[in-house]
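Undergrad: with the sequence up front, the predicted model follows.
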Amino acid sequence: MFKKAQFSILHGFWLLIFAYSCLLMAEITFRYRGFSLDANFLMIKQTEIEELWWYRYVFYVHVCTAIFALPAGFTQFNTYLLNKYPRVHRSIGYLYVFAILVFAAPSGLLIGSAANGGLTSIIAFELLGLGWFYFTWRAVRLASQRKFDKHRDFMIRSFALTCSALTLRFWKLALVYLFQPNPMDLYQIIAWLGWIPNLLLAEFIIYQKNHKL
């Protein structure tokens, strides 16, 4: 009973952290509501906006669709929803994979090719985009083959990369607060820190799940 209460408290704590993080992401996304070319992050991307005709459009496609993946992906791990309302689970899952495979991941790959921090950052963001697309696509394929255990494994990997939108910003805040690094050095670091620890944690969770005694 005590362990169950501890688990519930811990589960509730992480749920609150995730909900708060999603609210912060929604607030950041809301800043782009006017589709301005100098809003927030775009203030330091004026060179790309002037030299790459597609950048502004692709950026807003990414911003406006990636935000749906966070709450949609989170609900996919709710066993109550899965068991009690499987149609709702599937419908939200379709929204998640559609947003990623059609819009968020492809647009992320494009804007990643013009990432701050040079080649080091570009490679990191391109690998992130490719991994995000592949893991999500594999999860869909496995679900269609009714291999639901493996489907869940790839959904965990996919959602770990979805959460890079959150962890990248937390790493940025922490590193700026602690070390005040050069902006370009910072981008090169968080481009990797934003998703590699997430993926390692996902692999640990998958390993624990698949090796329960």
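TA: Happy to help now that I have it. Bear in mind the structure is a predicted one, so any value in this text is a computation, not a measurement. Residues are numbered from 1 along each chain as shown.

Undergrad: where does pLDDT dip in this structure?
TA: 1-21, 213 (pLDDT under 70).

Undergrad: list the contacts for the most centrally placed residue in it?
TA: Using Cα atoms, centre = their mean, the residue of the chain that lies closest to the mean C-alpha position is Thr162, 1.8 Å off. Listed by Cβ atoms under 8 Å, 6 or more residues apart in numbering, the contact set of Thr162 reads 66, 69-70, 73, 100, 132. Quick note: C-beta positions are derived from backbone N, CA and C, even for glycine.

Undergrad: okay, and which of those residues map to helices?
TA: 66, 69-70, 73, 132 (DSSP state H).

Undergrad: could you single out the nearest of those to Cys22?
TA: The shortest approach to Cys22 among the ones in helices among the contacts of Thr162 belongs to Leu70, at 5.3 Å (Cβ to Cβ).

Undergrad: that closest one and Ala160: what is the separation?
TA: Leu70 sits 12 Å away from Ala160, going by Cβ to Cβ, to the nearest Å.

Undergrad: of these two, who's got more company?
TA: Neighbours per residue (other Cβ atoms under 10 Å) separate Leu70 from Ala160, with Ala160 holding more: 25 against 20.

Undergrad: residues in contact with that one?
TA: The contact partners of Ala160, taken as Cβ under 8 Å, 6+ apart, are 195, 198-199, 201-202.

Undergrad: one more: Phe68?
TA: For Phe68, the contact set (Cβ under 8 Å, 6+ apart) comprises 95-96, 99.

Undergrad: quick one, which of the residues you listed are buried?
TA: 95-96, 99 (16 or more other Cβ atoms under 10 Å).

Undergrad: out of the residues you listed, which comes closest to His211?
TA: Scanning these for proximity to His211, where the rule is Cβ to Cβ, the winner is Tyr96, at 26.9 Å.

Undergrad: burial count for the spatially closest residue to that closest one that is not a sequence neighbour?
TA: Excluding the flanking residues, the one nearest Tyr96 by Cβ to Cβ, 6 or more residues apart in numbering is Ala72, at 4.1 Å. Taking other Cβ under 10 Å as the criterion, the count of residues near Ala72 is 21.

Undergrad: and the one 10 residues further on, by the same measure?
TA: Leu82 sits with 17 neighbouring residues when counted by other Cβ under 10 Å.

Undergrad: got it, and the one 3 residues further on?
TA: The burial count assigned to Tyr85 is 13, neighbours taken as other Cβ under 10 Å.
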